[in-house]
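Enquirer: structure of the sequence below:
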Amino acid sequence: MSPSGFLHVRFSETSVMEFLDMASNRWLCLQSVPLLAGLVVIAGCGRADIKVVPTPPPEVIVSYPLVRTVTEMDEYPGKIDAVATVDVRARVSGYITKINFTDGQSVKAGDILLEIDPRPYQADYDIDMAKIEQVKAQLHLAKIEVARYTELRRKGASTQEDLDIAISKRDQATADLKLSEASARQKKLSLDWTKVEAPIDGRVSRQYVNIGNLVNGVAGSATLLTTLVTVDPVYVYMDVDERSIQRYLRQAMERRNRPADVSNIADLEIPVSVALASEDGFPHRGFLDFVDNRTNPQTGTLKVRAKLPNPDRILVPGFFARAQIRSGEPYETILISERAIGSQQSLRYVLVVDDKNIVNVRTVEPGRMIDGLRVIHSGLTAKDRIIVEGLQRARPGEEVKPHEEPMPEPAGRKSAHPSQADTKAADDKSEPGSQPESKSATPSQPPPTTGKQSEKSADKNSGSPADDKADDKPTADKQADKSKKPSTKTGGDQ
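Expert: Got it, this is the predicted structure:
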């Protein structure tokens, strides 16, 4: 570096000669560069201005919230059980000679289900009956002798000893008669037990033994022949937490204006709705009739039982069931579709479209699910139009193109006109609210902001293929767009 600020570089003679040779060979090329640059400048000055067409507002589907009188329900898993269950066992030993039922048949009390060979027991009974006749004859003779010796003793023709012996024989014959009659009754029972009868009305299980099998009637090891359960009514057992039991009792006391106690819970007529695993709604109705006498210390729940009529025999003992118990009094509330609710961390919100078709974010407080719809406790009114489809395309503060449709509901429930409030009361078939609150069916999407971000988003959307197609630019403008890139590249090379 010289004191004047210039950088001095030393080159060899060979390097200088090579540089001059390359410069002489490329002189013509260097002379053409200004000409090309001038042509580019001329072409750029004659380019037409690009017209940017604004993006049309996105289309969304909006609906009005529904207003209904609903009743919140608590749901519990339960198990159906028979009111009475009987193990039909042999009471006497012997061979099966006849079976009078088919597997799964409904029977009445007193119907003969099976028969055991009765001949040995018939013979024993006949022997005892013969002994009774024999003892009766002896008793008759003893009574005659007592009467004779009594008369002779009165006349002094017999001693007192003879009279005492006659009386003793009479009393002995009387006792023998009673013993024989008791033995005959026992043999008669064994004979009757050879015909196995249904003790209750109900439905039998399968045949556990076949004809010709030897069954044992000894107590403690008697052969199981089949089982029998009652089918109408049935019980539903469930585990209910202690807070809920206290609430149900308090509500029953308020409704009936009398003290509530678990010992008379059947008299309180607390309604219960039950559904099987494959059923929609809760079509089976009954009442609580039993609460256990102690709480399970490990779970804090009590065993609760409901009694339900079962005329159609669809509730089979052992089936899994879902039970609903009313959690409170009916009240009027707003319901919307679950898919209209968005989420941002712990917040829940919906997108509301105003009368100018501008999207606004509205924070809501969701409640339980009833009839497949989400209860909204606060944040909405019946006149708000909320977006139920197209949440991903809508941006707060921007305009949308709404299409009004009725609020989406599960199959079997149709709403009225979207601008009308539906005040129809929910029946006992409403789905329970005890289920945990589920997240929105739509993807989690935080409410976007307005301002510069919205302008950038609009600029980005204006270059989409759909917008180019809607813009329908002239051919000259498209060619100008294509010529822009080569000119820029050339300028950079220059």
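Enquirer: list the contacts of the spatially most central residue of the chain.
Expert: Most central in the chain under Cα atoms, centre = their mean is Arg322, positioned 6.2 Å from the mean C-alpha point. Contacts for Arg322 were tallied using Cβ atoms under 8 Å, 6 or more residues apart in numbering; they are Glu75, Tyr76, Pro77, Gly78, Val274, Ala275, Leu276, Ala277, Phe282, Pro432. All C-beta atoms are positioned from the backbone trio N, CA, C, and that covers glycine.
Enquirer: sec struct for the second one, please.
Expert: Reducing the assignment to helix, strand or coil with DSSP: H, G, I helix; E, B strand; the rest coil, the entry for Tyr76 is strand.
Enquirer: now do the same for it: its pLDDT.
Expert: Listed pLDDT for Tyr76 reads 92.
Enquirer: excluding its backbone neighbours, what's nearest it?
Expert: Met238 (4.3 Å; Cβ to Cβ, 6 or more residues apart in numbering).
Enquirer: what's the neighbour count on that neighbour?
Expert: Residues lying near Met238 (other Cβ atoms under 10 Å) number 22.
Enquirer: quick one: the helices in the protein, in order.
Expert: 13-25, 27-45, 119-155, 160-193, 242-256, 265-268, 452-462, 465-471, 475-493 (DSSP state H).
Enquirer: show me the shaky parts of the stretch 151-300 of the chain.
Expert: Where the stretch 151-300 of the chain drops to pLDDT under 70, the residues are 258-262.
Enquirer: now do 80
Expert: Scanning the stretch 151-300 of the chain for pLDDT under 80 picks out the ranges 255-265.
Enquirer: please name the residues that touch the residue nearest to Leu214 when sequence neighbours are not counted.
Expert: Excluding the flanking residues, the one nearest Leu214 by Cβ to Cβ, 6+ apart is Tyr95, at 5.5 Å. By Cβ under 8 Å, 6+ apart, the residues touching Tyr95 are Ile116, Asp117, Gly212, Asn213, Leu214, Val215.
Enquirer: most neighbours among those, which one?
Expert: Counting by other Cβ under 10 Å, top hit in those: Ile116 with 24 neighbours.
Enquirer: let me see the contact set for Tyr125.
Expert: Per Cβ under 8 Å, 6+ apart, neighbours of Tyr125: Ala184, Lys187, Lys188, Ser190, Leu191.
Enquirer: beta partners for the nearest residue to Phe290 once chain neighbours are set aside?
Expert: Residue nearest to Phe290 in three dimensions, not counting chain neighbours: Arg305, with 4.0 Å by Cβ to Cβ, 6+ apart. Beta bridges link Arg305 to Tyr237, Phe290 when assigned by DSSP bridges.
Enquirer: coming back round to it: and which of the contacts of Arg322 is nearest to Thr159?
Expert: Nearest to Thr159 among the contacts of Arg322 is Gly78, at 83.5 Å by Cβ to Cβ.
Enquirer: for Leu335, grab the count of nearby residues.
Expert: 24.
Enquirer: re earlier: gap between the residue nearest to the centre of the chain and Ala266?
Expert: For Arg322, the distance to Ala266 equals 22 Å [Cβ to Cβ, to the nearest Å].
Enquirer: look at the closest residue in space to Pro410 that isn't next to it in sequence and report its pLDDT.
Expert: Closest residue to Pro410 apart from its sequence neighbours, by Cβ to Cβ, 6+ apart: Gly372 at 3.6 Å. Note for Gly372: predicted pLDDT of 83.
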